[in-house]
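J.: how does the following fold in three dimensions:
(6 chains, ligands or ions: 6)
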Number of protein chains: 6
Amino acid sequence: MALSKDRLIGRKAILLLLSEDPDMQLNQLKENNWKGCIGKVGSMDAHKVVAAIETAAKKNGIIESTIYRESHALYHAIMEALHGVTRGQVQLGSVLRTVGLSFAVLRGNPYDKEQEGDWIAVSLYGTIGAPVKGSEHETIGLGINHI
Amino acid sequence: MALSKDRLIGRKAILLLLSEDPDMQLNQLKENNWKGCIGKVGSMDAHKVVAAIETAAKKNGIIESTIYRESHALYHAIMEALHGVTRGQVQLGSVLRTVGLSFAVLRGNPYDKEQEGDWIAVSLYGTIGAPVKGSEHETIGLGINHI
Amino acid sequence: MALSKDRLIGRKAILLLLSEDPDMQLNQLKENNWKGCIGKVGSMDAHKVVAAIETAAKKNGIIESTIYRESHALYHAIMEALHGVTRGQVQLGSVLRTVGLSFAVLRGNPYDKEQEGDWIAVSLYGTIGAPVKGSEHETIGLGINHI
Amino acid sequence: MALSKDRLIGRKAILLLLSEDPDMQLNQLKENNWKGCIGKVGSMDAHKVVAAIETAAKKNGIIESTIYRESHALYHAIMEALHGVTRGQVQLGSVLRTVGLSFAVLRGNPYDKEQEGDWIAVSLYGTIGAPVKGSEHETIGLGINHI
Amino acid sequence: MALSKDRLIGRKAILLLLSEDPDMQLNQLKENNWKGCIGKVGSMDAHKVVAAIETAAKKNGIIESTIYRESHALYHAIMEALHGVTRGQVQLGSVLRTVGLSFAVLRGNPYDKEQEGDWIAVSLYGTIGAPVKGSEHETIGLGINHI
Amino acid sequence: MALSKDRLIGRKAILLLLSEDPDMQLNQLKENNWKGCIGKVGSMDAHKVVAAIETAAKKNGIIESTIYRESHALYHAIMEALHGVTRGQVQLGSVLRTVGLSFAVLRGNPYDKEQEGDWIAVSLYGTIGAPVKGSEHETIGLGINHI
Ligand SMILES: [Mg+2]
Ligand SMILES: [Mg+2]
Ligand SMILES: [Mg+2]
Ligand SMILES: [Mg+2]
Ligand SMILES: [Mg+2]
Ligand SMILES: [Mg+2]
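T.: Ligands and ions are numbered 1, 2, ... in the order given. Next comes the predicted model:
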């Protein structure tokens, strides 16, 4: 049940965010049978970050919005990614900080074995800091879940 | 006090881990006046991950080991990176999981302004999972601190 | 100072929530010298869950509202129960989720020894999920404190 | 995608623990096409609690041990249940406390819709306290995940 | 139910630690009907810090060791104090850090109203840092509970 | 790199809060080349506590507001101090509690070695409790960071 070297879903999801041409890279992934989408969100409200990612994933057909197990898988992947971004308390404005993030959602099977089925990766990259321009540093997060 | 587009320390620290030739990339960074090192650590003990990174950073002269403020900056950067890796509780074996990680430590000024001085980025990328081969998924973490 | 098998306050508080006739069961408990109350609350605000339980406990005379040590005991029991419900961050709407909960508050001495005095149990059972009908799963929590 | 009133997996998993005849109740569940197992574990090591539940679930065929997505689903359900038990830090002996727990693992589809597929519930009930006989109170936890 | 200005239990517990003559100050408190004790503990194990405080409190008769509700009150006060000391994860050696602490336990009624009964304060003050001499900074914690 | 006995920045920052004449004590510190300020803030919003301390520190010239590394050092020291105050979740009104706090910010080198440079201490002392007069107990927090 090893991870396939060529199909590292987390690595691919992060490289999408750090790429100089994310759209092209996303298209390549789609040609290789991955489902995925990218987007941006800036907010002092963690729930707006969650909503932006969920909306993008549903609108782009990454998850099937009428099936709760798919939303559930995505939600927990988002929350795990937010842990990397917030590093301690999953809070933004309530502790006087804000984020400006790119996000990617990627879906596919990263394992050699077909039975492992689909997994979902949510990656986040951007800045976190005070609500003052420039008072910020970079941040990253990755959440991975079976779907 | 904006982040310089060309000097995004977190992005560089993560790309080092995801690169196909990390040594070459590290050398390029050094030529551009960054200090940095890379390494690997696998363990069920979070303290061994901390120790491996601290040792590498000191041995490679990324931080000055006789000055506590430098160790302090590095320690908190490591702890922040571990939040991304562990996503909830900074625990490994005590909750029956293990990690296999690459790490990078990078030091330099990512801001336009010279007065911002040096910052340190600790990036972690690898797998986390049960202590059973293949029962694991990817994980990432990034901690950034002024030094 | 062992727990009395017949007076397991936590077990009783949970069974109250899962019972098909909670009112009858509550009356039985009262006849056996327990103080208790039950109620329902649905919200995206954790503070509204706290307030609903505190109000019910005071209105039903489970705690003496003019004595702070009683409110203090109840508050910490509620917070502990919320940990079971939220499993990580005691947050609801701020991470885009909502709860629909039944709650019970029970007061009495669950130990064999009389000197152990009164203890308080707060139990919560219901659903947690996205603010979308049906996008939810069950959740439970129990907090126990001396009073 | 509503939860089915008759198939509340969390409620059933908890009632198994609180039942006076858990074996009989488990058999009834099996007759109704649920997979499930029950067991007991006492320890100051959280990882031993995790291991006991994982072992029981695999040995009883609740999850397919050669498929990582199944172990992954179970692991996160266990961790969520442990949050209810520990209420703050998923730590036992390292903060000088110990648990004596019954556990149940239940698998099936709790939703009306067939497409929701299988879900897994891990319930924990018992005592937590100082490593001194009788210095303990009750505790409960429930983790639910799609599988 | 206001706090009495002259009987601020937390303030007194902290000043005991910061005092230049703690023994004298403790004696004065005892003359004023407070129960209290002081001690020191250095460790990489959080459970040894807990044990040292519990042992001192029992040996000095601050709590009645045969009554669980008293141990329970003390335990939670210790855990709350440890949150201030550790600031995020109640972990020491498992994240490669160590503490050298003074502690005080104080018992009495800090409120104007007699019915508020006894409360307990646990204060901690000392250093936290790497297991390397001098690589440390100060830390403090205070836990307060009704007893 | 030992802490200097006469220059314990954390101890001084806390004593400032517990002093009967904080202004006089602050003046003495300034005469001894410490930078520092004191203030008060009461709120159900953690972000207002953060803002009050940041504003005071900038207005009094404790940190240089045009340099992000100084704000960054202060922010993390505030967050660490808030862990001691909140003991678990850095939340106030969202879990129905409020604080009334004094705060101090102190800046200087607490180590024997000159190279350790400036450090910053944020201390908090006051009450935490229900939004009901008198339903509260004391709380303290200390955050220390290199700057
Ligand atoms: Mg996982
Ligand atoms: Mg930061
Ligand atoms: Mg307890
Ligand atoms: Mg869930
Ligand atoms: Mg309290
Ligand atoms: Mg520190």
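J.: going forward, measure contacts between C-alpha atoms and count neighbours the same way
T.: OK.
J.: quick check: longest helix of chain A.
T.: For chain A, the helix with the greatest residue count under DSSP state H is helix A:68-86.
J.: now the angle between helix A:68-86 and the helix or strand following that helix, please.
T.: Note on helix A:68-86: by DSSP states H and E, the next helix or strand toward the C-terminus is strand A:98-108. Angle, strand A:98-108 to helix A:68-86, by axes from the mean of the first three to the mean of the last three Cα atoms, to 10 degrees: 140 degrees.
J.: is strand A:98-108 anywhere near chain D?
T.: No. Using Cα under 8 Å from any Cα of the partner chain, strand A:98-108 stays clear of chain D, with a minimum separation of 12.9 Å.
J.: now chain A against chain C: closest residue?
T.: Nearest residue of chain A to chain C: residue A:47, at 4.5 Å (Cα to the nearest Cα).
J.: that residue and residue C:98 touch, don't they?
T.: No. The criterion here is Cα atoms under 8 Å, and residue A:47 misses it with residue C:98 at 11.5 Å.
J.: burial check on residue A:21, number of neighbours?
T.: Residues lying near residue A:21 (other Cα atoms under 10 Å in any protein chain shown) number 10.
J.: for it, give its distance to chain E.
T.: Using Cα to the nearest Cα, to the nearest Å, residue A:21 is found at 38 Å from chain E.
J.: residue contacts, the residue nearest the centre of chain A?
T.: Centroid check for chain A by Cα atoms, centre = their mean gives residue A:122 as the closest residue, at 2.2 Å. Counting by Cα atoms under 8 Å, 6 or more residues apart in numbering or on different chains, residue A:122 touches A:10, A:13, A:74, A:77-78, A:81, A:103-106, A:141-144.
J.: partner residues bridging it?
T.: Beta bridges link residue A:122 to residue A:105, residue A:143 when assigned by DSSP bridges.
J.: could you list every residue that touches residue A:94?
T.: Contacts of residue A:94 (Cα under 8 Å, 6+ apart): F:45, F:46, F:47, F:91.
J.: so which pair among these is furthest apart in space?
T.: Spanning the widest gap among these are F:47 and F:91, at 9.5 Å by Cα to Cα.
J.: show me where pLDDT drops low in chain A?
T.: Scanning chain A for pLDDT under 70 picks out A:1.
J.: quick one, phi psi at the residue of it positioned farthest from its centre?
T.: Computed with Cα atoms, centre = their mean, the residue of chain A farthest from its C-alpha average is residue A:132, at 25.3 Å. Backbone geometry at residue A:132, expressed as degrees, to the nearest 10, gives phi -140, psi 130.
J.: do the same with residue A:135
T.: Main-chain dihedrals, residue A:135, degrees, to the nearest 10: phi -90, psi 70.
J.: thought it was touching residue F:70?
T.: No. Contact criterion Cα under 8 Å: residue A:135 and residue F:70 do not qualify, at 9.9 Å.
J.: give the residues shared as contacts by those two.
T.: By Cα under 8 Å, 6+ apart, residue A:135 and residue F:70 have no common neighbours.
J.: out of the contacts of residue A:94, who's nearest residue F:19?
T.: For the contacts of residue A:94, the residue nearest residue F:19 by Cα to Cα is residue F:46; the value is 24.7 Å.
J.: from residue A:107, how far out is residue A:61?
T.: The spacing between residue A:61 and residue A:107, counted by Cα to Cα, to the nearest Å, is 10 Å.
J.: ok, the two, which is more surrounded?
T.: Using other Cα under 10 Å as the criterion, residue A:61 and residue A:107 rank with residue A:107 on top: 26 against 13.
J.: look up the closest residue to that one, ignoring the ones flanking it.
T.: Spatial nearest neighbour of residue A:107, chain neighbours left out: residue A:120 (4.5 Å); criterion: Cα to Cα, 6 or more residues apart in numbering or on different chains.
J.: you'd agree residue A:36 is in a strand?
T.: Yes. Looking at residue A:36 with DSSP: H, G, I helix; E, B strand; the rest coil, it is inside a strand.
J.: what's near enough to touch it?
T.: Neighbouring residues of residue A:36 by Cα under 8 Å, 6+ apart: A:26, A:29, A:30, A:57, A:60, A:62, A:104, A:105, A:106, A:107.
J.: any idea what it is bridged to?
T.: residue A:106.
J.: cool, residue A:40 as well?
T.: Applying DSSP bridges, one finds that residue A:40 bridges with residue A:102.
J.: you'd agree it is up against residue A:105?
T.: No. Contact between residue A:40 and residue A:105 fails when scored by Cα under 8 Å: they sit 11.6 Å apart.
J.: where's residue A:70 relative to residue C:97, distance?
T.: With distances taken as Cα to Cα, residue A:70 is found 16 Å from residue C:97.
J.: burial measure for the closest residue to residue A:68 other than its chain neighbours, as a count.
T.: Nearest residue to residue A:68 in three dimensions, chain neighbours excluded: residue C:135, at 5.4 Å (Cα to Cα, 6+ apart). Residue crowding around residue C:135 was assessed by other Cα under 10 Å; the count is 22.
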